[in-house]
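Engineer: quick check, what structure comes out for this input:
(one chain, ligands or ions: 2)
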Amino acid sequence: MTLLVTGGAGFIGANFVLDWIAATGEPVVTLDKLTYAGNLANLAALEGDARHAFVRGDIGDGEAVAALLARHRPRAIVHFAAESHVDRSIHGPGDFIQTNVVGTFRLLEAARAHWESLAGGERDAFRFLHVSTDEVYGSLGEADPAFTERTAYAPNSPYSASKAGSDHLVRAWHHTYGLPVLTTNCSNNYGPFQFPEKLVPLMIANALEGRPLPVYGDGRQVRDWLYVGDHCAAIRAVLAGGRPGEVYNVGGSAERRNLEVVHALCDALQALRPREGGYRGLVRFVADRPGHDRRYAIDATKIRAELGWAPAETFESGLARTVRWYLANEAWVAQVRSGEYRRWIETHYGERK
Ligand code: NAD
Ligand code: TYD
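Structural biologist: Ligands and ions are numbered 1, 2, ... in the order given. Purely as a prediction, here's the structure:
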C-alpha cells in the first residue's frame, strides 16, 4: 500500500504528506518538480524515514511518471502539483497552462495506463484524487448563495481557467474511460509552510519586518478561509469514502473580508510580539488586482453529510496557530524569501502604487 502524491513539496502537499504518514503510517512517494514554490525543507521531518521517498520530476513527463507507477504500484494518486498563484498567472500564464492543463492531461494518461494494467481488487480500489479550487466557480455577489458542486464553472483568472481545464479533463477521463477519479474544490487555505507570496504569510512576514502591508483595492473582497490541516483531513475523508466520479466542495464556512484578515493578523502578532504603536498602521491600500474576484464562499453540505467531515479549527484558532508557527519558524521564512522571491516582490509590488 503506497500513495503517490504530486506537488508534495508545496504548501498543502507537504502538510498532507506529513499528516498522512503520521496518521496512517502508509508509505508515500512524493513527485515534485521543485519550482520556486516547492521546498524540500517542508518535508525535512521525514528525512531518513523509510515510509517516504522523494522524486524530483515533472507531472508532464509521461515516461517518468509511468516508470514511477510501475515501480511503486500506488493504490492512489493524490494530485496537488500546480502553479497556484493568481498574481503570477496574470504576469505569465504560460506555466499555468503547461502544468495545470497539459501536465494534468499527461498525468491522467499515465494513471489510466497504470489502472488498466491492474486486475481484480487492486483495480477496484485504485483512485485518482484531483485537488482543485473554488475559484473555478467565478465570483459571487454579496448576497449570492455559496458555491455548491452544481454551480456552473465561470473562471476569471488564468489560474482559475487552467484549474477549470484540469477539472474538466479529470471528469472526462472518468466519464469516457472509467478512471476512478475524485475531485475536491477547496476554498482559500492558510497554515504552516505557505509560501509568503499569498495573503496570510505575506502579511505576517512583512509585518515582522515593519514593511507595508499591501491591501489590494478597497480590501473588501471576501474569501472563505480554511486551516490547511482541515483541508488535509477532508482529502483523507474523500479518499477513504468518496464515490468515484463525484466532486466534493471543501470550505471553512469562515468568510472574511481581506482587511479583516489583515487586521486579525496584526492583532494576533501584537499579542505575541508587541510592536510600538501596533501593526495595523502598516496597512497600505494599493492598486487592485486586474479582474479581482469579489467573493468566494463554499457550501460544504455534501462532504459534511456524506463523509462526516467538518473543520476542527475556527478562523480564530487556525489563525493563532498559524501566527505561532511563523514566529517559531523565521528561519524557514528567511530561506524562502531569497533569490527568485525577491525578484517577484520587486516586479509585482514595484508597479503597484
Ligand atoms: P504550491 O504552489 O504551494 O505548491 C505547488 C507544488 O507543486 C510545488 O511544490 C511545486 O514545486 C509543484 N509543482 C509545480 N509544477 C509542477 C510540475 N509540473 N510537476 C511536478 N510538480 C510541480 O500550491 P498549494 O497552495 O500547496 O496548492 C496545492 C494544490 O491545491 C494546487 O493544485 C492548488 O490549485 C490547490 N488549491 C490551493 C488552495 C490554496 O489556498 N493554496 C486552495 C484550493 C486549492
Ligand atoms: P491570495 O492569497 O493570492 O489568494 P487568492 O487570490 O487565490 O484568493 O489572495 C487572497 C486575497 O488577498 C485576494 O482577494 C487578493 C488579496 N491580496 C491582497 O490584498 N494583497 C496581497 O498582497 C495579496 C498577495 C493578496
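
Engineer: ranges for the helices of this protein?
Structural biologist: 11-24, 62-72, 86-91, 94-96, 104-117, 120-125, 158-177, 199-208, 228-241, 258-272, 301-307, 315-328, 330-336, 340-350 (DSSP state H).

Engineer: wondering if the first one reaches ligand 1 at all.
Structural biologist: Yep, that's helix 11-24 we're talking about. Yes: for helix 11-24 and ligand 1, the contact criterion (CB under 6 Å from any ligand atom) is met by Phe11, Ile12, Gly13. In this view, the C-beta of every residue, glycine as well, is placed from N, C-alpha and C.

Engineer: and which of the residues you listed is nearest ligand 2?
Structural biologist: Closest approach between the residues of helix 11-24 next to ligand 1 and ligand 2, by CB to the nearest ligand atom: Phe11, at 10.7 Å.

Engineer: which residue packs closest to that closest one, ignoring adjacent ones?
Structural biologist: Among residues not flanking Phe11 along the chain, Gln194 sits closest, at 4.5 Å (CB to CB, 6 or more residues apart in numbering).

Engineer: across the sheet, point out what pairs with Arg257.
Structural biologist: Counting by DSSP bridges, Arg257 forms beta bridges with Val222.

Engineer: so what's it up against?
Structural biologist: Neighbouring residues of Arg257 by CB atoms under 8 Å, 6 or more residues apart in numbering: Gly219, Arg220, Gln221, Val222.

Engineer: same question for Asp230.
Structural biologist: Contacts of Asp230 (CB under 8 Å, 6+ apart): Gly252, Pro311, Ala312, Glu313, Gly318.

Engineer: can you select the buried ones from the residues you listed in ChimeraX?
Structural biologist: In ChimeraX, the members of these classed as buried (16 or more other CB atoms under 10 Å) are selected with the following command:
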select :252,311,313,318
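
Engineer: now render the contacts of Asp230 as a markdown table, adding distance to Gly278.
Structural biologist: A markdown table is the format used below for the contacts of Asp230 (distance: CB to CB, whole Å):
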| residue | distance to Gly278 |
| --- | --- |
| Gly252 | 27 |
| Pro311 | 29 |
| Ala312 | 30 |
| Glu313 | 25 |
| Gly318 | 22 |
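
Engineer: circling back: now the helices of the chain in a markdown table, with mean pLDDT and distance to ligand 2?
Structural biologist: Shown next, in a markdown table, are these (pLDDT from 0 to 100; distance: least, CB to the nearest ligand atom, whole Å):
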| stretch | mean pLDDT | distance to ligand 2 |
| --- | --- | --- |
| helix 11-24 | 97 | 11 |
| helix 62-72 | 98 | 27 |
| helix 86-91 | 97 | 4 |
| helix 94-96 | 98 | 13 |
| helix 104-117 | 98 | 18 |
| helix 120-125 | 97 | 33 |
| helix 158-177 | 98 | 7 |
| helix 199-208 | 98 | 4 |
| helix 228-241 | 98 | 13 |
| helix 258-272 | 98 | 5 |
| helix 301-307 | 98 | 20 |
| helix 315-328 | 98 | 13 |
| helix 330-336 | 92 | 15 |
| helix 340-350 | 83 | 7 |
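
Engineer: give me the beta-bridge partners of His130?
Structural biologist: Applying DSSP bridges to His130 gives these bridge partners: His79, Thr183.

Engineer: contact partners for it?
Structural biologist: When contacts are counted by CB under 8 Å, 6+ apart, His130 touches His79, Thr104, Ser166, Asp167, Val170, Val181, Leu182, Thr183, Thr184.

Engineer: now it: how far from Gly103?
Structural biologist: His130 sits at a distance of 12 Å from Gly103 (criterion: CB to CB, to the nearest Å).

Engineer: Tyr153 touches Thr133, doesn't it?
Structural biologist: No: using CB atoms under 8 Å, Tyr153 is not in contact with Thr133; the gap is 11.4 Å.

Engineer: who's more crowded, the two?
Structural biologist: The residue with more neighbours, out of Tyr153 and Thr133, is Thr133; 23 against 15, by other CB atoms under 10 Å.

Engineer: residue contacts, Ile59?
Structural biologist: Applying CB under 8 Å, 6+ apart to Ile59 gives the contacts Thr6, Gly7, Leu31, Lys33, Val65, His79, Ala81, Thr99, Gly103, Thr104, Arg106, Leu107.

Engineer: of the residues you listed, buried ones?
Structural biologist: Thr6, Gly7, Leu31, Lys33, Val65, His79, Ala81, Thr99, Gly103, Thr104, Arg106, Leu107.

Engineer: and the first one, bridged to which residues?
Structural biologist: Beta-bridge pairing of Thr6, defined through DSSP bridges, involves Leu31, His79.

Engineer: wait, doesn't it sit right on Gly13?
Structural biologist: Yes: assessed by CB under 8 Å, Thr6 is found in contact with Gly13 at 7.4 Å.

Engineer: find residues that contact each of those two.
Structural biologist: Residues touching both Thr6 and Gly13 (CB under 8 Å, 6+ apart): Thr30, Asp32, Phe80, Ala81.

Engineer: would you confirm that the residue nearest to Phe11 contacts Tyr227?
Structural biologist: No: using CB under 8 Å, Gln194 is not in contact with Tyr227; the gap is 11.0 Å.

Engineer: near ligand 1, which residues of this protein show up?
Structural biologist: Counting by CB under 6 Å from any ligand atom, the residues of the chain near ligand 1 are 6-7, 9-13, 32-35, 37-38, 58-60, 80-84, 99, 103, 131-133, 163, 186, 188-189, 195.
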